[in-house]
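Enquirer: what follows is a predicted structure for the sequence shown.
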2 protein chains.
Amino acid sequence: MSQLTVVKVGGKVIDDEALLLNFLTQFAQLSGNKILVHGGGTKANQVLKQMGLKVTMLNGRRVTSKRDLEIVTAVYAGLINKSIIAKLQSINCNALGLCGADANSIVSTIRAKTPIDYGLVGDIATVNNPLITLLIANKIVPVFNAITHDKNGQLLNTNADSIASFIAGSLTTNFDIRLYYYFELAGVFHIDNNESKTFESLTASQYQKYKQSGDIKQGMVPKLDNAFLALKNGVKQVCIGNQLSDFKGTNILQ
Amino acid sequence: MSQLTVVKVGGKVIDDEALLLNFLTQFAQLSGNKILVHGGGTKANQVLKQMGLKVTMLNGRRVTSKRDLEIVTAVYAGLINKSIIAKLQSINCNALGLCGADANSIVSTIRAKTPIDYGLVGDIATVNNPLITLLIANKIVPVFNAITHDKNGQLLNTNADSIASFIAGSLTTNFDIRLYYYFELAGVFHIDNNESKTFESLTASQYQKYKQSGDIKQGMVPKLDNAFLALKNGVKQVCIGNQLSDFKGTNILQ
């Protein structure tokens, strides 16, 4: 099977023009088949605040009202996605932006209202492998944003780390997959003798230990859960960091 | 050659949920190859006003600042495009949303700053026929919004009537094309003995006459210019109205 690299970009990289350009240049230069998944982060919050709307977060996750969904759809699928596409096109990467509704690429189901009602938030049900392989076979680079749909007309806000993990896991039937979670830091950090250090690698059992001790913090937990899930689903290599060009950072190991 | 129907939807239809659903149902039921192009209209202006930004129009066309472009990209390529895609997917139409940057589908050049500086507005240069035919051959329905790019990283606000006309004209090398401009009215109106009447058809010479007499109004002029341009470029049939299912309205004739 041929190789495919799935890259998720998020965190401060999306909000900082220079960091984003640096990342997109690395991504465009990556050889072989590739897919990009991006988050939205603080930009949607800025717009919501500018429009006098309240940002509601619960356990680090956005509670998405009907109005919030309009804003995140506009910002993620419109402003951020199309700015990334235009930039990639200018540096010889034939990118095409997709939300989950586009060509029915990702179907999700609305999350159960109990114990916490997150509103219009989706959990991924299916990834359209034939569509993605068609695009890749035609030298098109799919660029996914964090909006999916339920196939009944409802768009749903979806975690971009999960989208990357599910796409990677789903496409293991078609490709040898490696997955890179790109953000502003060199990898997963922990504190060792009052000194902040990057893990070269992290196994599932180490992760459990550091999670229990509190050395691995809240924000990193869902990302690492998605990273380990991808390995479980047959992804060959998973890495977290900010050196995409040589695939360096914290290697996630089963 | 097989037939392809290009449909532009705009005007009040985009802003009115019931009118839009009625239109999308007609579009989904249209048999054969098809492409949709949509405008954005008043929604972007609402958002701009809500954010305390000024809407600047000159000769009925939006002057697009850097900030305005962000808003129209968010609203046209994000909010409106993805809402349309999700709705079409729910009624068995395998729609995929595109701005001109996506897979380099439409390249435009920024409009000259003289005599009027419209800002970040694009005039269409090329349409990517191979991409569009690839999508159509794979039973995917392209849905274009009014954002294009210059291939150098700059998104550009572009007239949706022009996009429909250029796509239709460009694809005459691959398909027998018919083009429908859908809006809230039954066709092109004129006043006859103080009575408002719909033209059954309109030739280029009649159009010139009614334009000079002022019977055909400002807003309709660019739409009709685009309709006649499509015919000139080899499109077989052009119609303007609100009865897509039986392709009725004002027939535009050379």
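Expert: Everything's here; your move. Quantities reported herein were computed from a predicted structural model and do not represent experimental measurements.
Enquirer: can you name the next helix or strand after the lowest-mean-pLDDT helix or strand in chain A?
Expert: Lowest by mean pLDDT, DSSP states H and E among the helices and strands of chain A is strand A:61-62, with a mean of 72. Helices and strands here follow DSSP states H and E; after strand A:61-62, the next one along the chain is helix A:66-72.
Enquirer: buried ones in that next one, by neighbour count?
Expert: By neighbour count on 16 or more other CB atoms under 10 Å in any protein chain shown, the buried set for helix A:66-72 is A:68-72. Every C-beta, even on glycine, is put in place using the N, C-alpha and C of the backbone.
Enquirer: so what does whichever helix or strand comes after that helix touch, helix or strand wise?
Expert: Going down the chain from helix A:66-72, the next helix or strand is helix A:81-90, by DSSP H and E. Packing contacts for helix A:81-90, counted by 3 or more CB pairs under 8 Å, 6 or more residues apart in numbering or on different chains; DSSP states H and E, involve helix A:17-29, strand A:33-38, strand A:95-98, strand A:141-144, strand B:147-149, strand B:155-157.
Enquirer: just the angle for helix A:81-90 relative to strand A:33-38, thanks.
Expert: Following axes from the mean of the first three to the mean of the last three CA atoms, to 10 degrees, one obtains 150 degrees for the angle between helix A:81-90 and strand A:33-38.
Enquirer: near chain B, which residues of the stretch 51-200 of chain A show up?
Expert: Residues of the stretch 51-200 of chain A lying close to chain B by CB under 8 Å from any CB of the partner chain are A:51, A:70, A:73-79, A:81-83, A:85-87, A:89-90, A:94-99, A:101-104, A:134, A:138, A:140, A:147, A:149, A:151-155.
Enquirer: low-confidence regions, chain A specifically.
Expert: Residues of chain A meeting the criterion pLDDT under 70: A:41, A:51, A:53, A:59-61.
Enquirer: one more time with 50, if that's ok
Expert: Of all residues in chain A, none has pLDDT under 50.
Enquirer: and the residue of it closest to chain B?
Expert: Closest to chain B within chain A is A:G78: 2.1 Å, counting by CB to the nearest CB.
Enquirer: what sits against the residue nearest to A:D117 when sequence neighbours are not counted?
Expert: Once flanking residues are discounted, A:D117 sits nearest to A:V63: 7.4 Å by CB to CB, 6 or more residues apart in numbering or on different chains. Listed by CB atoms under 8 Å, 6 or more residues apart in numbering or on different chains, the contact set of A:V63 reads A:56-57, A:117-119.
Enquirer: any idea how far A:S108 is from A:N45?
Expert: 22 Å (CB to CB, to the nearest Å).
Enquirer: ok, these two, which is more surrounded?
Expert: Neighbour totals were compared for A:S108 and A:N45, and A:S108 leads with 25 against 18 (other CB atoms under 10 Å in any protein chain shown).
Enquirer: quick one: the one helix or strand that one maps to to chain centroid distance?
Expert: Element membership for A:S108 (DSSP H and E) is strand A:106-110. Distance of strand A:106-110 from the chain centroid (CA atoms, centre = their mean, to the nearest Å) equals 16 Å.
Enquirer: in that strand, which residues are buried?
Expert: Neighbour counts over strand A:106-110 (16+ other CB under 10 Å) mark A:106-108 as buried.
Enquirer: so which of the residues you listed is the closest to B:G219?
Expert: The closest of the buried residues of strand A:106-110 to B:G219 turns out to be A:I106 (CB to CB; 39.2 Å).
Enquirer: list the contacts for the closest one?
Expert: With CB under 8 Å, 6+ apart, A:I106 has these contacts: A:99-100, A:124, A:126-128, A:144, A:148-149, A:158, A:163, A:166-167.
Enquirer: tell me how many other residues crowd the residue lying closest to it once chain neighbours are set aside.
Expert: Nearest non-adjacent residue to A:I106, counting by CB to CB, 6+ apart: A:G100, 3.2 Å away. Residues near A:G100, counting by other CB under 10 Å, number 33.
Enquirer: helix, strand or coil: sort out A:G100 for me.
Expert: Local secondary structure at A:G100 is given as coil here, using DSSP: H, G, I helix; E, B strand; the rest coil.
Enquirer: quick check: it touching A:K151?
Expert: No: using CB atoms under 8 Å, A:G100 is not in contact with A:K151, being 9.3 Å away.
Enquirer: now the common contact residues for these two.
Expert: A:V107.
Enquirer: let me know the outermost residue of chain A.
Expert: A:N193 (32.0 Å; CA atoms, centre = their mean).
Enquirer: ok so, going back, how about CSV for the helices and strands packed on helix A:81-90, with distance to B:F199 and mean neighbour count added?
Expert: CSV is the format used below for these (distance: least, CB to CB, whole Å; neighbours: other CB atoms under 10 Å in any protein chain shown):
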stretch, distance to B:F199, mean neighbour count
helix A:17-29, 50, 17
strand A:33-38, 48, 24
strand A:95-98, 40, 28
strand A:141-144, 44, 24
strand B:147-149, 31, 30
strand B:155-157, 30, 27
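Enquirer: and A:T198, which of those is closest to it?
Expert: helix A:17-29 (17.8 Å).
Enquirer: show me what the closest one is packed against.
Expert: If you count contacts as 3+ CB pairs under 8 Å, 6+ apart, helix A:17-29 packs onto strand A:3-9, helix A:12-15, helix A:81-90.
Enquirer: again, only using 6 Å
Expert: Packing contacts for helix A:17-29, counted by 3 or more CB pairs under 6 Å, 6 or more residues apart in numbering or on different chains; DSSP states H and E, involve helix A:12-15, helix A:81-90.
Enquirer: which residues touch that helix?
Expert: If you take CB atoms under 6 Å, 6 or more residues apart in numbering or on different chains as the criterion, helix A:17-29 is touched by A:7, A:9, A:13, A:87-88, A:91, A:93, A:244-245.
Enquirer: just want the angle from it to helix A:81-90.
Expert: 50 degrees.
Enquirer: how distant is helix A:17-29 from the center of its chain?
Expert: In this view, helix A:17-29 has its centroid 16 Å away from the chain centroid, taken as CA atoms, centre = their mean.
Enquirer: report the angle between that helix and strand A:3-9.
Expert: 170 degrees.
Enquirer: dump helix A:17-29 to PDB, keeping only the CA atoms.
Expert: The C-alpha coordinates for helix A:17-29 follow below in PDB (Å, rounded to 0.1, in the frame of the first residue of the first chain):
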ATOM      1  CA  GLU A  17       0.100  34.500  10.500                       C
ATOM      2  CA  ALA A  18       3.900  33.800  10.600                       C
ATOM      3  CA  LEU A  19       3.500  30.500  12.400                       C
ATOM      4  CA  LEU A  20       0.800  29.400  10.000                       C
ATOM      5  CA  LEU A  21       2.800  30.300   6.900                       C
ATOM      6  CA  ASN A  22       5.800  28.400   8.300                       C
ATOM      7  CA  PHE A  23       3.600  25.400   8.900                       C
ATOM      8  CA  LEU A  24       1.800  25.600   5.500                       C
ATOM      9  CA  THR A  25       5.200  25.800   3.800                       C
ATOM     10  CA  GLN A  26       6.300  22.600   5.600                       C
ATOM     11  CA  PHE A  27       3.000  20.900   4.700                       C
ATOM     12  CA  ALA A  28       3.200  21.900   1.000                       C
ATOM     13  CA  GLN A  29       6.700  20.500   0.700                       C
END
